[in-house]
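Give the three-dimensional model of this entry:
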Amino acid sequence: MAPKSFVSDIETIRKRAREHIDQGAITAGYTADRKTVIKLLNDALATEIVCVLRYKYHYFMAKGIHAKSVAAEFLEHANEEQGHADLIAQRITQLDGAPNFSPEGLLSRSHADYVEGDDLVDMIKEDLVAERIAIDSYREIIQYLGAADPTTRRMMEHILAMEEEHAEDLATLLDELGKKGEPAKPRAEKKKPARG
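Numbers count the residues shown, from 1 in each chain. Down below sits the predicted model:
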């Protein structure tokens, strides 16, 4: 089989680059629906911000015998989610869009919910649910982008991999707490029916 050759009309590429210089990184080769991509990214940005806020709340509110190590995990995840938010916001601006940091409507734009949880195990469960939501919704975004926007797709693939890692960390924490006997919730004693 003969090797595939790469032939490109460099002069045409140079000419196009000069014609639409005001479009920055958006060239004629960009085939995605830019407005839709920016909307998807702003929704992902809202998701990341909500996750940062939830993890921070859990970090400060973690109590119990295992709270110190779990709180450290919450803080690590919060910082990584903030990094994801920054990457997404930067990509939005590269696509000549505006990142939506407005707190108004933040929860309606976010894929994940903001649930505080009643105790340490509830907090871990809520964070795990949110990570699972992000995993599925980001996978859909990646599939939508396909080859039309490889830069955004690669960024979202990187973020997806980190969300999967977070989910695994949280599932492990739940498993370990179960083995150590940390109750999911304080159990109310069952009242025996009165005999009469």
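
Which of the helices and strands in this protein ranks last by mean pLDDT?
helix 10-19 (a mean of 67; mean pLDDT, DSSP states H and E).

helix or strand right after that one?
Counting by DSSP states H and E, the element after helix 10-19 in chain order, helix or strand, is helix 34-61.

Counting by contacts, list what that following helix packs against.
Counting contacts by 3 or more Cβ pairs under 8 Å, 6 or more residues apart in numbering; DSSP states H and E, helix 34-61 packs against helix 67-94, helix 106-109, helix 120-145, helix 150-180. The C-beta positions use only the backbone N, C-alpha and C, and glycine is treated the same way.

between those helices, which gets nearest to M61?
helix 120-145 (7.3 Å; Cβ to Cβ).

residues in contact with E131?
Shown in contact with E131 (Cβ atoms under 8 Å, 6 or more residues apart in numbering): 51, 163-164, 166-167, 170.

Looking at these, which one is closest to R109?
R109 has its nearest neighbour among the contacts of E131 in C51, at 12.8 Å by Cβ to Cβ.

isn't that closest one right up against E81?
Yes: using Cβ atoms under 8 Å, C51 makes contact with E81 at a distance of 4.4 Å.

quick one, what contacts the closest residue in space to A134 that isn't next to it in sequence?
Excluding the flanking residues, the one nearest A134 by Cβ to Cβ, 6 or more residues apart in numbering is E163, at 4.7 Å. Counting by Cβ under 8 Å, 6+ apart, E163 touches 131, 134-135, 138.

if I look at the closest residue to Y59 other than its chain neighbours, how far off is Q82?
Distances taken as Cβ to Cβ, 6+ apart place F74 nearest to Y59, at 4.1 Å, with adjacent residues excluded. Using Cβ to Cβ, to the nearest Å, F74 is found at 13 Å from Q82.

between those two, who's got more neighbours?
Shown here are F74 and Q82; by other Cβ atoms under 10 Å, F74 has more neighbours (25 against 16).

so what's H111 up against?
43-44, 46-47, 133-134, 137.

so it is in which element?
Short version, using DSSP H and E: H111 is in no helix or strand.

rounded to a whole number, what's the mean pLDDT of stretch 131-143?
Per-region confidence: stretch 131-143 scores 97 on mean pLDDT.

A130 touches S110, doesn't it?
No: A130 is beyond contact range of S110, at 9.1 Å (criterion: Cβ under 8 Å).
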